[in-house]
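**Student:** Show me the folded form of this:
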Amino acid sequence: MELMEAIRARKSYRNLFTNAPVPRTDLEEILEAGVLAPSGCNLQTTQFIGVDDPALVRQLAEICGKEWMKTSAAAVLLLTKETMSPSGVSYHVHDYAAAAENILLAIVAKGYASVWIEGQIRGEKAGEMGRLLGVPDDLTVAVYLPLGVPAKPVTGVAKKPFEDRAWFNGYRK
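**Tutor:** This is a model prediction of the structure:
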């Protein structure tokens, strides 16, 4: 899939998945997309766990508490740690956000669907997911991406027109 086609096709999918597996080779490439994302001061603060063990995928979905997630074939978790750059600024949120978008585009390009889950897992749910997967206490599960082949059409919300959000050589010009 061409890049702009993947960008245009990417939608948040919160629905049932088919029982088709996600081959490990696809999951590896999806994780590689995250690893290759830009990183503030090249600190590379984001780490990744791909999950393709059906029992673990289901347990993660149960922690999150959404029935449709239990039908996902795989999941990706993005881990982070606030890390100060030499200038005293942490770019960890920027880092995992860039990685998450790369991963979401790779997911779509491979014919799968997913949704970025972050706010719904903050706190205890993220901690529980981390404990399930053996994540060290100094890292935080920041993003959970259940994924698989969508069982229903992938639809998205309407985006504002280009000319209402993007301009050339100045604001609203």
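**Student:** Can you get me a residue count around residue 5?
**Tutor:** Neighbour count for residue 5, taken as other C-beta atoms under 10 Å: 11. For the C-beta atoms, the positions are set from N, CA and C on the backbone; glycine is no exception.
**Student:** burial count for the closest residue to residue 43 other than its chain neighbours?
**Tutor:** Leaving aside its sequence neighbours, residue 43 sits nearest to residue 83 (C-beta to C-beta, 6 or more residues apart in numbering; 5.3 Å). For residue 83, the tally of surrounding residues (other C-beta under 10 Å) stands at 14.
**Student:** Now that residue 83 has come up, it's in contact with residue 90, right?
**Tutor:** Yes - between residue 83 and residue 90 there is a contact at 5.8 Å, judged by C-beta atoms under 8 Å.
**Student:** hmm, back to that, tell me the contacts of the residue nearest to residue 43?
**Tutor:** 43, 45, 90-92 (C-beta atoms under 8 Å, 6 or more residues apart in numbering).
**Student:** Name the single longest strand found in this structure.
**Tutor:** strand 140-148 (DSSP state E).
**Student:** mean confidence for that one?
**Tutor:** Here strand 140-148 scores 98 as its mean pLDDT.
**Student:** Please name every helix or strand in contact with that strand.
**Tutor:** helix 54-64, strand 74-80, helix 92-109, strand 113-114, helix 124-132 (3 or more C-beta pairs under 8 Å, 6 or more residues apart in numbering; DSSP states H and E).
**Student:** How about residue 13: what's its closest non-neighbour residue?
**Tutor:** residue 113 (3.6 Å).
**Student:** Contact partners for the one you found?
**Tutor:** With C-beta under 8 Å, 6+ apart, residue 113 has these contacts: 11, 13, 17, 107, 147-150, 154.
**Student:** burial of residue 93, as a residue count?
**Tutor:** 14.
**Student:** Tell me how far it lies from residue 46.
**Tutor:** 10 Å (C-beta to C-beta, to the nearest Å).
**Student:** Could you do residue 108 as well?
**Tutor:** 20 Å.
**Student:** These two: which is more packed in?
**Tutor:** residue 46 (25 against 22).
**Student:** who wins for proximity to residue 160 among the helices and strands packed on strand 140-148?
**Tutor:** When the helices and strands packed on strand 140-148 are compared by C-beta to C-beta, helix 92-109 sits nearest residue 160, at 18.9 Å.
**Student:** Would you mind putting the CA coordinates of that closest one into CSV?
**Tutor:** Provided in CSV are the C-alpha atoms of helix 92-109 (Å, rounded to 0.1, in the frame of the first residue of the first chain):
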residue,chain,number,x,y,z
HIS,A,92,8.9,10.5,26.0
VAL,A,93,5.3,11.4,25.1
HIS,A,94,6.4,12.7,21.7
ASP,A,95,8.5,9.6,21.1
TYR,A,96,5.7,7.1,21.8
ALA,A,97,3.2,9.2,19.9
ALA,A,98,5.4,9.1,16.8
ALA,A,99,5.9,5.4,17.3
ALA,A,100,2.2,4.8,17.7
GLU,A,101,1.3,6.5,14.5
ASN,A,102,4.0,4.6,12.6
ILE,A,103,2.6,1.4,14.0
LEU,A,104,-1.0,2.3,13.1
LEU,A,105,0.1,3.0,9.5
ALA,A,106,1.9,-0.3,9.3
ILE,A,107,-1.1,-2.1,10.7
VAL,A,108,-3.3,-0.5,8.0
ALA,A,109,-0.8,-1.1,5.2
